[in-house]
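Colleague: Next come a sequence and a model predicted from it.
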Amino acid sequence: MSETTNDRVKCASTLSVSFPRAPWEQQSKGGQLEWTEEFCRALSQGVRKARMRGALYRMMGPLSEMTKEELAKWTQHVRQGHLPYNKRCQTCVATKATGHLHRRVEAPSCFTLSVDVCGPFRVKGHTPEALDYRYMLVGSYTMPKLPGTTCDSGDVIVNNPAAGVGDIEVPGHPVDDVDQADMDRLNAEYQELVKEVGDKMDYQVLRYAVPMRSRRASEVNAGVRQMYLQVKADGLEVFRLHSDRATELCNRRLREWLLDRGVLATTGEAQTPQQNGRAEATVKFVKAEARLLMTTAQLPKQTWPLAMRYATTRQRHKALGRTDELPCFGTPVHVRTKIYGKAGKYDVDNKWAQGVYVGPSEDVQHGHVVRFPDGTFVTSLHLKQKLINADELVDLEPREVELPLPERRVRRKTRLARIQGEHPLTAEEEAAELKAKCLWKEGDWSMQAMLTLYECLQTARGKQVSGRAASSPGSSWYTGTFVHGG
């Protein structure tokens, strides 16, 4: 306690006050005594310094101003190996502090496209456009949830007004009383704001993927533009593009291109991937889905760009509530092929070939990309799936054919017409010949059999003859194995 005297006034205080040398009292207009303005100002400064000294004492805790009890606590803290964690200890902060707390955002910024580059991948990716892809540009678009649509749990952000800002996760040490009080205060403020505004809207995420050969600024710019146009093609708007502080994502040309289209470019802090969490989650999503699709379809690792694009396309189809059916990745399909520059050499070849479905086309509207076993691709609108190979299901019974014994023996070269006879048999003669062969096989040489054969021969038309033979009535036949004479 300090004591100061000025003329007739004495002041005793525990504050550190620099009192003015001028008188501390003055007479008012009404004749009453009152404090001077300089004295009041000195007192207020002393009170303010005392409050600041208390705050600094609580934050810094200099040893010169510590009590014996506080010094004993710090001694015990050091002897215990800095356990538990104390946010006022310099050693604990330098070795265990996690920095800024990343809280769960309940009301994210809508119509925002978060992008990131993943790679390089060890295996070069193959697509119909190129065979040397090493990187993948992924994007996560946040928008209000559409009514009547179903999304996976990882693609929906449920706005629960009673949840507030959520739990504060601080790895490495528990939440102390100060942080808990801060969290409770923020939760109360959030609930009051939601109660006033009435915001109970849920949100959903759309995922995009664009393969790239390298991560040069020129190729990243082209990939961002393609992704921006894909979002526009889905009937959506982009107001903000968020990314990390990578050089290829913060180049001047990309920012100028975005500003010309009314898109604000924002970034997070350097070496802080948590501030671009939605894009990082999309990177994890496309990698996991690509491994699953390639394993299920038994396709080589070179198809990872196609698998990632198919996974994002399928996710958007489901999130946007589209009803058109998307074939499964790796499904055996038949596609109509075309051969160019071969003229008519392939006229009798099949026009449909079998391959596997690897995703919709990004160039041809309503087109499909099919991969053949030799590693080539084709994009076509003519696609047929779920075809059944009936030839493999049905086994045809073997059919035995009894070949007739040769009737004549050819002993030298001769023409086929001479062997078959220059005058082929008529239909009636064929019937008679067949009847004779049947009787011969049965061994029926009876009179009745001969008369039946004779009736068949009567129906046969005789040979056209000329001369004296044409004037004689009746017909004649030569029968028997050997016929002598004429």
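Modeller: Looks like it arrived, so ask away.
Colleague: Where do the domain boundaries of the protein fall?
Modeller: The chain breaks down into these domains under automatic domain parsing: 2-59, 112-159+201-291, 328-393, 427-459.
Colleague: Do a quick rundown of the helices in the stretch 1-150 of the chain.
Modeller: 37-59, 68-79, 90-96 (DSSP state H, counting those that start in this stretch).
Colleague: Report the mean per-residue pLDDT for the first one.
Modeller: Looking back up the chat, that one is helix 37-59. Across helix 37-59, the average pLDDT comes to 69.
Colleague: ok, back up a step: mean neighbour count, the domains of the chain: which tops it?
Modeller: Between the domains of the chain, domain 112-159+201-291 has the highest mean count of neighbours, a mean of 17, where neighbours are mean count of other C-beta atoms under 10 Å. Just so you know, the C-beta spots here come from the backbone N, C-alpha and C atoms, and that holds for glycine as well.
Colleague: So for residue 268, which of the helices of the stretch 1-150 of the chain sits nearest?
Modeller: Closest to residue 268 of those, according to C-beta to C-beta: helix 90-96, at 22.4 Å.
Colleague: all helices of the stretch 301-450 of the chain, in order?
Modeller: Going by DSSP H, counting those that start in this stretch, the stretch 301-450 of the chain shows helices at 304-319, 390-393, 416-420, 427-442, 447-459.
Colleague: typo on my end, it should be the stretch 151-300 of the chain
Modeller: 177-197, 217-233, 252-260, 277-297.
Colleague: Could you save these as a markdown table and add columns showing distance to residue 211 and mean pLDDT?
Modeller: Formatted as a markdown table, those follow (distance: least, C-beta to C-beta, whole Å; pLDDT from 0 to 100):
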| stretch | distance to residue 211 | mean pLDDT |
| --- | --- | --- |
| helix 177-197 | 40 | 73 |
| helix 217-233 | 8 | 94 |
| helix 252-260 | 18 | 93 |
| helix 277-297 | 11 | 92 |
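Colleague: burial count for the closest residue to residue 289 other than its chain neighbours?
Modeller: Excluding its sequence neighbours, the residue lying closest to residue 289 (C-beta to C-beta, 6 or more residues apart in numbering) is residue 311, at 3.6 Å. Neighbours of residue 311 under the rule other C-beta atoms under 10 Å: 22.
Colleague: Report the contact partners of residue 439.
Modeller: Residue 439 sits next to 445, 449, 453 when contact means C-beta atoms under 8 Å, 6 or more residues apart in numbering.
Colleague: That one and residue 291: what is the separation?
Modeller: 79 Å (C-beta to C-beta, to the nearest Å).
Colleague: for residue 437, same thing?
Modeller: 73 Å.
Colleague: repeat for residue 123
Modeller: 12 Å.
Colleague: Also residue 145?
Modeller: Applying C-beta to C-beta to residue 145 and residue 291 gives a distance of 28 Å.
Colleague: Could you do residue 31 as well?
Modeller: Taking C-beta to C-beta, one finds residue 31 at 93 Å from residue 291.
Colleague: repeat for residue 208
Modeller: Distance, residue 208 to residue 291, using C-beta to C-beta: 19 Å.
Colleague: cool, residue 415 as well?
Modeller: 72 Å.
Colleague: Residue 205 now?
Modeller: Taking C-beta to C-beta, one finds residue 205 at 21 Å from residue 291.
Colleague: in the stretch 1-150 of the chain, which ranges drop under the pLDDT threshold?
Modeller: Low-confidence segments of the stretch 1-150 of the chain, defined by pLDDT under 70: 1-8, 51-65, 99-108.
Colleague: again, only using 90
Modeller: In the predicted model, the stretch 1-150 of the chain carries pLDDT under 90 at residues 1-110, 119, 143-150.
Colleague: could you pull out the strands for it?
Modeller: 2-6, 9-13, 25-27, 33-35, 112-118, 135-144 (DSSP state E, counting those that start in this stretch).
Colleague: quick one: the fourth one to chain centroid distance?
Modeller: Taking C-alpha atoms, centre = their mean, to the nearest Å, one finds strand 33-35 lying 79 Å from the centre of the chain it belongs to.
Colleague: Also the second one?
Modeller: Using C-alpha atoms, centre = their mean, we find the averaged C-alpha position of strand 9-13 to lie 78 Å away from the chain's own average C-alpha position.
Colleague: One more: the longest one?
Modeller: Computed by C-alpha atoms, centre = their mean, the chain-centroid distance of strand 135-144 equals 10 Å.
Colleague: next one: stretch 409-419
Modeller: Worked out by C-alpha atoms, centre = their mean, stretch 409-419 lies 74 Å from the chain centre.
Colleague: just to revisit the earlier point, next, format the helices of the stretch 1-150 of the chain as CSV and append distance to residue 117.
Modeller: Below are the helices of the stretch 1-150 of the chain laid out as CSV (distance: least, C-beta to C-beta, whole Å):
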stretch, distance to residue 117
helix 37-59, 41
helix 68-79, 44
helix 90-96, 31
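Colleague: nearest to residue 262, of those helices?
Modeller: helix 90-96 (42.7 Å).
Colleague: With residue 433 as the reference, name the closest of the helices of the stretch 1-150 of the chain.
Modeller: helix 90-96 (109.9 Å).
Colleague: buried ones in that closest one?
Modeller: 92, 96 (16 or more other C-beta atoms under 10 Å).
Colleague: If I average pLDDT within each of the helices of the stretch 301-450 of the chain, which one is lowest?
Modeller: helix 416-420 (a mean of 67).
Colleague: circling back: of the domains of the chain, which is nearest residue 185?
Modeller: domain 2-59 (18.1 Å).
Colleague: residues contacting the nearest residue to residue 208 once chain neighbours are set aside?
Modeller: Nearest non-adjacent residue to residue 208, counting by C-beta to C-beta, 6+ apart: residue 139, 4.0 Å away. Going by C-beta under 8 Å, 6+ apart, residue 139 touches 113, 114, 115, 207, 208, 209, 210, 227, 231, 279, 282.
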